[in-house]
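>>> Structure here, sequence nowhere to be found:
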């Protein structure tokens, strides 16, 4: 391959990776947004005494939220 084509492919790939990373940075949810989405998605209602789903009290369990900037996970 011609060296100009290789350089063009490299620059195009680099620009694409940068664009994808920027999109991921702007769309990764915060801890509060993620929690509110989970509560809404699974119809869970929480108050000061605990959380309830389908009129049954949910037991407390621990978890952690990891926000790496480009993605967020909840385990």
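Yep, it's here. All figures in this text were calculated on a predicted structure; none of them were measured in a lab.

>>> and stretch 43-63, what's its mean pLDDT?
Mean pLDDT, computed over stretch 43-63, is 82.

>>> Let me know how buried residue 72 is, in neighbour terms.
Burial of residue 72, expressed as a neighbour count using other C-beta atoms under 10 Å, amounts to 17. All C-beta spots, glycine's among them, are computed from the backbone N, C-alpha and C.

>>> Got the confidence number for the residue lying closest to it once chain neighbours are set aside?
When the adjacent residues along the chain are set aside, residue 72 lies closest to residue 28, with 4.9 Å between them (C-beta to C-beta, 6 or more residues apart in numbering). Here, the pLDDT recorded for residue 28 equals 82.

>>> repeat for residue 5
The predicted structure scores residue 5 at 94 on the pLDDT scale.

>>> Please, which helix or strand holds it?
Residue 5 is located in helix 3-27, with elements delineated by DSSP states H and E.

>>> hang on, the earlier thing: the residue nearest to residue 72 reaches residue 34, doesn't it?
No. Shown here, residue 28 and residue 34 do not form a contact pair, counting by C-beta atoms under 8 Å, at 9.3 Å.

>>> Kindly point out which residues are neighbours of both of these two.
Counting by C-beta atoms under 8 Å, 6 or more residues apart in numbering, the shared contacts of residue 28 and residue 34 are residue 72.

>>> Do me a favour and get the end-to-end distance for stretch 59-67?
End-to-end distance of stretch 59-67 (C-alpha to C-alpha, to the nearest Å): 25 Å.

>>> now stretch 66-73
Its start and end residues considered, stretch 66-73 measures 5 Å (C-alpha to C-alpha).

>>> Sort out which residues of it are buried, please.
By neighbour count, with 16 or more other C-beta atoms under 10 Å as the criterion, the buried positions of stretch 66-73 are residue 72.

>>> And residue 7, how close does it get to residue 14?
Using C-beta to C-beta, to the nearest Å, one gets 11 Å for the distance from residue 7 to residue 14.
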